[in-house]
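Asks: I'll drop the sequence and a predicted model, then ask my questions.
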Amino acid sequence: MARCPAALPTTPAPCAGPIVVTVLDQDNAGADGCEHHAAHLLAALDRGRVFALPHAPAGAAHRVFKAAAPQDVRLHRLADAIVTSPATPR
């Protein structure tokens with residue numbers, strides 16, 4: 001099952017609904033996502049922002065913002081959130 005672009009590798013849960021918001025980092029790099037994954041991404045970013053997409057239900061961005069409880073690690077850029085798997089030996 002495909003997951004939304006806002007899903008972090010450390011958040012294994014499936015999407016909780018359609019893609020309804022965009023999360024931007026301090027450099028305006030963004031990822032569209034469902035409310036669940038967008039909240040996790042927003043919580044991981046330092047100075048992140050969330051915006052509802054035009055087709056989003058009323059209050060979507062507000063719900064994501066409220067659900068984004070601070071985490072232990074704060075990232076400055078969206079690129080810092082992307083984790084790559086270590087190379088496997090052949």
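Replies: That came through, no problem. Numbers count the residues shown, from 1 in each chain.
Asks: All the strands of this structure, residue numbers only.
Replies: Secondary structure of the chain by DSSP state E: the strands cover 21-24, 30-33, 49-52.
Asks: and those, which is most packed in?
Replies: strand 21-24 (a mean of 24; mean count of other CB atoms under 10 Å). For every residue, glycine as well, the C-beta is placed using N, CA and C.
Asks: Looking at it now, give me its mean pLDDT.
Replies: Average pLDDT, strand 21-24: 97.
Asks: Point out the other helices and strands that the longest helix seen in the chain packs with.
Replies: Counting by DSSP state H, the longest helix found in the chain is helix 35-44. Contacts defined by 3 or more CB pairs under 8 Å, 6 or more residues apart in numbering; DSSP states H and E place helix 35-44 against strand 21-24, strand 30-33, strand 49-52, helix 60-67.
Asks: can you list contacts of the last one?
Replies: Outside helix 60-67, the residues within contact range by CB atoms under 8 Å, 6 or more residues apart in numbering are Val20, Val21, Val23, Glu35, Ala38, Ala39, Leu42, Ala43, Val50, Phe51, Ala52, Leu53.
Asks: just to revisit the earlier point, the inter-axis angle of the longest helix of the chain versus helix 60-67?
Replies: Computed by axes from the mean of the first three to the mean of the last three CA atoms, to 10 degrees, the angle separating helix 35-44 from helix 60-67 equals 50 degrees.
Asks: Check the offset of helix 35-44 from the chain's centre.
Replies: Put simply, helix 35-44 sits 4 Å off its chain's centre (CA atoms, centre = their mean, to the nearest Å).
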